[in-house]
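Q: sequence first, then the predicted structure:
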Amino acid sequence: MASLLLKKEVPLSNITDNLSTSVLVLNQFLMIEYMNPAAEVLFAASLRQNQGQSIKELLPAEPAFIEKIR
């Protein structure tokens, strides 16, 4: 049974959607690609509203943090 479970692919969103920890996925340009439901609650914003937006839009008062993740 373990080998059967290993061969089955599970989309990452299936895992992250059920976490209580906030998850943001950014691309190389620091644009939001994905945020899980916990992140939507934390930032009071939906993925639909923010996908493709710069992280600077979500965290405008945190320039030091944004520089660290570059």
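A: Structure's in. What do you need?
Q: all helices for this protein, in order.
A: For the chain, the helices defined by DSSP state H cover 2-7, 12-16, 37-43, 47-50, 55-58, 63-69.
Q: which one of those helices has the lowest average pLDDT?
A: With a mean of 53, helix 2-7 has the lowest mean pLDDT of these.
Q: re earlier: relative to residue 22, which of the helices of the chain is closest?
A: Ranking the helices of the chain by proximity to residue 22 (CB to CB) places helix 37-43 first, at 3.8 Å. In this view, the C-beta of every residue, glycine as well, is placed from N, C-alpha and C.
Q: and the spatially most central residue of the chain, what pLDDT?
A: By CA atoms, centre = their mean, the mean C-alpha position of the chain lies nearest to residue 24, the distance being 2.1 Å. We have a pLDDT of 92 for residue 24.
Q: one step back: can I get the helices of the chain in CSV with mean neighbour count?
A: As requested, the helices of the chain are exported to CSV (neighbours: other CB atoms under 10 Å):
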stretch, mean neighbour count
helix 2-7, 7
helix 12-16, 12
helix 37-43, 16
helix 47-50, 14
helix 55-58, 15
helix 63-69, 10
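Q: pipe these into JSON lines and attach distance to residue 30 per row.
A: Converted to JSON lines, the helices of the chain look like this (distance: least, CB to CB, whole Å):
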{"stretch": "helix 2-7", "distance to residue 30": "34"}
{"stretch": "helix 12-16", "distance to residue 30": "19"}
{"stretch": "helix 37-43", "distance to residue 30": "15"}
{"stretch": "helix 47-50", "distance to residue 30": "12"}
{"stretch": "helix 55-58", "distance to residue 30": "5"}
{"stretch": "helix 63-69", "distance to residue 30": "7"}
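Q: tell me the bridge partners for the residue nearest to the centre of the chain.
A: With DSSP bridges as the criterion, residue 24 is bridged to residue 35.
Q: for it, what are its contacts?
A: 32, 34-35, 39, 55 (CB atoms under 8 Å, 6 or more residues apart in numbering).
Q: how about residue 47?
A: Residue 47 touches 32, 34-35, 40, counting by CB under 8 Å, 6+ apart.
Q: same thing but 6 Å
A: Neighbour list for residue 47: residue 35 [criterion: CB atoms under 6 Å, 6 or more residues apart in numbering].
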